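**Student:** coordinates for the following, if possible.
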Amino acid sequence: MRDIQSEEDQRRIEIDKVGVKELSYPIIVLDRANKLQPTVAKVNMFVNLPHHYRGTHMSRFVEILNQYRGQITMKNMGPILRKMREVFQAQSAHLEIDFPYFIEKEAPVSRSKSLMSYGCRFIGSLDQKEDYILEVRVPVNTLCPCSKEISDRGAHNQRGEVRLQVRFKKFVWIEDLVALVEGAASSGLYSLLKREDEKWVTENAYDHPTFVEDVVRSVAEKLLPDKNITWFSVEVESQESIHNHNAYAFLERGSRDN
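**Tutor:** Numbering: from 1, shown residues only. Okay, here's the model as predicted:
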C-alpha cells in the first residue's frame with residue numbers, strides 16, 4: 001500500500017513535536033508502603049519530524065508502548081525514549097505519563113483510614129541528553145492571614161492546589177513530596193473525616209494561616225538545602241472563597257541544565 005506519511009514534503013519546515021496524546025495505559029508505580037501500585041495513566045508520546053517527511057506513523061508509538069507493557073515506570077523511561085528515537089529516526093523524543101497516585105491517610109483524631117488521590121506526572125525527554133522531571137499536584141487548604149487579622153469571628157479559607165516539579169540526582173518518593181507540600185499549607189485534605197476530625201482540621205488551619213506566597217516560600221525553604229534536588233518549580237493556585245478571582249504564586253530555583 002502507498003505509504004503517504006513517508007512521502008516527501010516540499011515546504012521544508014521541521015516540526016518540533018508530533019505524536020499521540022491522552023492514551024490510556026496501565027502502569028506500575030513504586031509505592032513506599034506496598035512496594036508497587038498499579039494505576040492507569042494518560043500517556044503523551046512525541047518525536048520531532050524532519051522537514052522532508054510529510055507525516056509520522058502514529059501506530060508505532062503504541063507498538064513501542066506495548067513492548068514495555070507491565071514495565072512502565074519512571075526508572076525505565078530512558079529505554080522507551082531511546083527506542084522512540086531509534087524507531088522514528090528522530091533527533092528528540094518526549095514522554096509524559098500522567099496518573100493518579102493513592103496514599104492511605106489517617107484522620108487526625110479518629111484515626112479513620114482512607115485513600116487520598118494525588119495527580120502525578122513523569123516527564124522525560126531525550127535530545128542531546130536525557131532529562132527527567134517528577135510532578136505532584138497536591139490539594140491543600142489555605143486560610144487567609146489577613147482575614148484572620150481583621151475579622152472578629154473566623155477567617156475565610158479555601159481549597160488550593162500546589163503543583164510541584166522536581167529534577168533530582170537519586171530516587172525521590174512521591175509520598176515525601178506530598179508530605180512536604182501539605183506541611184507548607186494551612187492544612188492537608190482528607191477523603192474521610194469524622195466530626196472530631198473536622199473540628200481539629202478547622203482549628204489547625206486557623207492556627208496556621210497561609211498566603212499562597214507563604215506556601216511557595218515554605219516549600220522552597222525545604223527544597224533549597226536538599227542536595228538531591230537540582231531544580232524545582234512550585235506554583236500555588238487558591239480558589240478564593242470570597243473573591244471573584246483565584247490567588248496565585250510561582251517560584252522556580254535551580255539549574256535546568258543539571
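**Student:** any weak-confidence spans in the stretch 151-258 of the chain?
**Tutor:** Scanning the stretch 151-258 of the chain for pLDDT under 70 picks out 256-258.
**Student:** swap the cut-off to 90 and go again
**Tutor:** 255-258 (pLDDT under 90).
**Student:** residues contacting residue 184?
**Tutor:** By CB atoms under 8 Å, 6 or more residues apart in numbering, the residues touching residue 184 are 140, 162, 210, 214-215, 218-219, 222. C-beta: built from backbone N, CA, C; applies to glycine.
**Student:** look up how far residue 159 lies from it.
**Tutor:** Separation of residue 184 from residue 159 (CB to CB, to the nearest Å) stands at 15 Å.
**Student:** one more: residue 148?
**Tutor:** 17 Å.
**Student:** now stretch 166-173: buried residues?
**Tutor:** Going by neighbour count (16 or more other CB atoms under 10 Å), the buried part of stretch 166-173 is 166-168, 172.
**Student:** nearest to residue 84, out of those: which one, please.
**Tutor:** The closest of the buried residues of stretch 166-173 to residue 84 turns out to be residue 167 (CB to CB; 20.7 Å).
**Student:** SS state for the closest one?
**Tutor:** At residue 167 the chain is in strand, as set by DSSP: H, G, I helix; E, B strand; the rest coil.
**Student:** how about the contacts made by it?
**Tutor:** 131-133, 229-232, 254, 256, 258.
**Student:** now do the strands in the stretch 151-258 of the chain.
**Tutor:** Applying DSSP state E, counting those that start in this stretch to the stretch 151-258 of the chain gives strands spanning 157-168, 187-188, 229-238, 247-254.
**Student:** include distance to residue 81 when you put those into CSV, please.
**Tutor:** Output for those, formatted as CSV (distance: least, CB to CB, whole Å):
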stretch, distance to residue 81
strand 157-168, 16
strand 187-188, 34
strand 229-238, 19
strand 247-254, 22
